[in-house]
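*Asks:* sequence? don't have it. structure:
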């Protein structure tokens, strides 16, 4: 299967790209689901929209800055290249760091429990990623190396791994898993930390198939940061789980 035209339609001589449409659609769906589930986290739809208005632009800026940083030799000294996102160049890890980081800052300012907000957002971020990844298909980018699998896509006349598809399917599955966990969470932060662990595990292996990875010396940066996130989230998960069991035990004894 070959990628279709990356341009969805043209208005006033401005090409509207499928990539932008898909990312926007993912954000809208994520915001909608967050609003519907806000009450389960002692929040309101207005709270969610306030976060979206600030965190989404922060995520886009972060995704761009992250990509530019790891391609500085190409962007150095050319401001127009740096700000021209229409030419491509957004890194999901940068978006996640800036987006979640902005959310934490807002929680501190607005006196809202950060981990509670993260738990609400995590499944919604996963479903947005699942949709947004299809933008890579339309752009014929973020694909893997040559393969002869039945589901391979054709890029520049060669059959390659559709790594965007692997991540899209995983993130969709992750969405349902996280919703299930979130409905039964035993401590604040559980859903968010599982997202960090499970998404990073998938990203580590899929990144190994990709041919366009950002690099840290001889290492693929996405694999390095994925391992780091898995370790940090696993340690945090163990600590918070232990604290929750201790709190539950103490409360039970006091009630006797």
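*Replies:* It's in. Not measured: the values here are computed from a predicted model.

*Asks:* Would you map the helices across the stretch 51-200 of the chain?
*Replies:* Under the criterion DSSP state H, counting those that start in this stretch, the stretch 51-200 of the chain carries helices at the ranges 72-75, 79-83, 92-110, 114-132, 134-138, 163-183, 190-207.

*Asks:* okay, these, which one's buried deepest?
*Replies:* Burial among the helices of the stretch 51-200 of the chain, expressed as mean neighbours by mean count of other C-beta atoms under 10 Å, is greatest for helix 114-132, which shows a mean of 23. Placement of C-beta: from N, CA and C, glycine included.

*Asks:* For that helix, which helices and strands make contact with it?
*Replies:* When contacts are defined as 3 or more C-beta pairs under 8 Å, 6 or more residues apart in numbering; DSSP states H and E, helix 114-132 packs onto helix 18-37, helix 45-69, helix 92-110, helix 163-183, helix 190-207.

*Asks:* Give the rounded mean pLDDT of stretch 77-86.
*Replies:* Across stretch 77-86, pLDDT averages out at 83.

*Asks:* Just the element for the residue nearest to residue 21 when sequence neighbours are not counted, please.
*Replies:* Taking C-beta to C-beta, 6 or more residues apart in numbering, and ignoring the residues beside it in sequence, residue 21 has residue 8 as its nearest neighbour in space, at 5.6 Å. Under DSSP states H and E, the secondary-structure element containing residue 8 is strand 7-11.

*Asks:* What of residue 212?
*Replies:* Taking DSSP H and E as the definition, one finds residue 212 inside no helix or strand.

*Asks:* Assess the claim that it and residue 141 are in contact.
*Replies:* Yes - with contact defined as C-beta atoms under 8 Å, residue 212 reaches residue 141; the gap is 6.6 Å.

*Asks:* and the helix or strand harbouring residue 247 with helix 190-207, angle?
*Replies:* Assignment of secondary structure by DSSP H and E places residue 247 within helix 221-255. Helix 221-255 runs at 160 degrees relative to helix 190-207, counting by axes from the mean of the first three to the mean of the last three C-alpha atoms, to 10 degrees.
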